[in-house]
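Visitor: I would like to see how this sequence folds:
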Amino acid sequence: MAEETQITVAKVEKPNGRYPGKLDDKGRLKLPVSLQEYLKSFGEQRFFITSLDRYLAQIYTMPTWRQNEKFFAEFTDDPEVAENVKFNADDLGADAEMDSQGRITFNTDLRRELGLEGQELHLFAHEGRVEVYSEAAYQARKLRAQQNPGSNVTALKSKGLK
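Guide: Numbering: from 1, shown residues only. Below is the predicted model of the structure:
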């Protein structure tokens with residue numbers, strides 16, 4: 001029987017919605033309190049900050065990142081795809097800790113390649129991670145979401161959306 005990946009569940013409910021952020025002059029992102037509490041609830045104070053696609057940044061809890069590393073190692077459908085995504089993550093990523101003021105430092109290569117410096121950032125909590133959008137990435141995603149919103153909602157309601 002194949003070994004199952006243990007799923008770490010947060011002890012704090014995932015915050016909903018979009019949160020603002022901005023890197024300071026030292027490359028630190030001050031997280032809103034609800035995101036701080038959510039990330040800390042996974043039981044570790046270390047995080048992995050990276051980008052899988054060289055477009056969006058992610059702040060991963062270490063339990064979630066360990067699950068991803070196991071996934072990369074065991075992915076046999078297209079090993080080169082897994083190797084490429086893992087390479088991106090390692091190339092741009094770095095471990096980080098949250099300081100007592102709720103700040104996490106983004107490494108220089110990541111923040112420069114993704115254009116995160118000197119602008120408002122948009123933060124979204126997901127299962128075991130926070131996605132960080134630059135203003136350009138946020139506007140592009142918002143534009144995609146605005147295409148046919150009525151028909152999108154209707155399609156989902158027909159499948160059970162409340």
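
Visitor: gap between whatever helix or strand T64 lives in and the chain center?
Guide: Assigned by DSSP states H and E, T64 belongs to helix 62-74. Relative to the centre of its chain, helix 62-74 is centred 14 Å away, using Cα atoms, centre = their mean, to the nearest Å.

Visitor: ok, now stretch 103-123?
Guide: So, by Cα atoms, centre = their mean, the centroid of stretch 103-123 is 13 Å from its chain's centroid.

Visitor: If you count neighbours, what's buried in it?
Guide: 103-106, 110-111, 114, 116-117, 121-123 (16 or more other Cβ atoms under 10 Å). Backbone N, C-alpha and C define where each C-beta goes, glycine included.

Visitor: which stretches of this protein have low pLDDT?
Guide: For the chain, the stretches flagged by pLDDT under 70 are 1-10.

Visitor: where do the helices sit along it?
Guide: For the chain, applying DSSP state H gives helices covering 33-40, 62-74, 79-92, 108-113, 135-145, 149-157.

Visitor: Pipe those into TSV and attach distance to D25 per row.
Guide: Listed next are the helices of the chain as TSV, based on distance: least, Cβ to Cβ, whole Å:
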stretch	distance to D25
helix 33-40	21
helix 62-74	27
helix 79-92	20
helix 108-113	11
helix 135-145	18
helix 149-157	38
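
Visitor: list the buried ones in stretch 12-27?
Guide: Applying 16+ other Cβ under 10 Å to stretch 12-27 flags 15, 19, 21, 23, 27 as buried.

Visitor: er, stretch 36-46 I mean
Guide: Here stretch 36-46 shows 36-40, 42 as buried, counting by 16+ other Cβ under 10 Å.

Visitor: measure that stretch end to end?
Guide: In stretch 36-46, first residue to last residue: 12 Å (Cα to Cα, to the nearest Å).
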